[in-house]
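> here is my input; please provide its structure:
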Amino acid sequence: MENKKGFEIPAVPAVLLSIISVQAGAAIAKGIFPILGAMSTSALRIVLSAFILLLVNRPNLRNLSIAQWKAVALYGLTLGAMNLIFYMAIARIPLALGVALEFIGPLVLALSGSKRMKDFLWVILAAAGIALIAPWGHNGLDLIGVLLALLAGVFWAAYILLGGRISKMMDGRKAVTIGMIFASLVVLPVAIGNGLIIHLKPWMLLPGFALALLSSAIPFSLEMYALRKIPSKTFSILMSLEPAVAAISGLIFLHEYLSFYEWIAVALIIIASAGATLTAKQAAPVAPEA
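Modelled structure (predicted):
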């Protein structure tokens, strides 16, 4: 984030660049779906991300305790499941809706245990957003895709909790690197069973590396940098813009056009996420969507 002349990216633009990078990566991923499928694309991203992180961070695996191995394994398996399920979701529904629905998981986590009336407002707004995009009639929205996006949100909430726990046990970069290895163990068998070896061509490695860089290596570095400069609450509010960026990314790169009600749903979920962060008594553990 800083060059030899001392130039330094301000923290807020760093977070915004991270969000843009993640959603550009998601758009690239969805563009690969017709060739590889969602499962194999997820595996390509995670395995290549693990390879890049291993080269950059070179973690020492010998000095980990049994407790650390157990924690990082669970963290990585959750990370792998979250990414796999999310890619399966956006293969069926627009990118923006997938991201917005996935945000319900961290939102519920942030409000869990709260008994304040104003916090219920954010729950109502999020529920209204889900109700607007739920496939009640024949609106063309895939019910399985909606449910998969919500399930990805459950795994994201678990990932945040596990990330907060493991951050107290070991270095963050080391945890993510080893976690990516375990995540690969989740996605690779599923992807191989889905025809990864048959459909993967050498030329696909180039967009695969771009996907790994945009979706993992670059945003993770930017987010870790930003979190050292700004409060976690400010970071969380900025991250609430992610569904909006996903909508723009889907429109530009994938030509995904949302209906009026779908735009309203995305806006309601963004407001609910930002509002919950603003009114939270104590900032919830923050973990990037690796």
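> hmm, residue 200 is touching residue 37, no?
No: the criterion here is CB atoms under 8 Å, and residue 200 misses it with residue 37 at 10.7 Å. C-betas here are computed from N, CA, C, even on glycine.
> average pLDDT for whatever helix or strand residue 233 lives in?
According to DSSP states H and E, residue 233 maps onto helix 232-239. Taken as a whole, helix 232-239 has an average pLDDT of 78.
> give the buried residues for it.
234-239 (16 or more other CB atoms under 10 Å).
> what sits against residue 87?
29, 33, 38-39, 41-42 (CB atoms under 8 Å, 6 or more residues apart in numbering).
> give me the neighbour count for the residue nearest to residue 17 when sequence neighbours are not counted.
Setting aside the residues directly before and after it, residue 17 is nearest to residue 222 in space (CB to CB, 6 or more residues apart in numbering), at 5.7 Å. Other residues within reach of residue 222, judged by other CB atoms under 10 Å, total 24.
> start the count at 47, not 1, going forward
Happy to do that; since the first residue is 47 now, the last one works out to residue 268.
> hang on, the earlier thing: could you name the helices and strands sitting against the helix holding residue 279?
Contacts defined by 3 or more CB pairs under 8 Å, 6 or more residues apart in numbering; DSSP states H and E place helix 278-285 against helix 57-82, helix 264-273, helix 306-325.
> just to revisit the earlier point, now the contacts of residue 133 as TSV including pLDDT and distance to residue 138?
Below are those laid out as TSV (pLDDT from 0 to 100; distance: CB to CB, whole Å):
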residue	pLDDT	distance to residue 138
75	91	14
79	90	10
84	92	9
85	92	13
87	92	14
88	92	14
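> quick one: which of the residues you listed is nearest residue 274?
residue 75 (28.5 Å; CB to CB).
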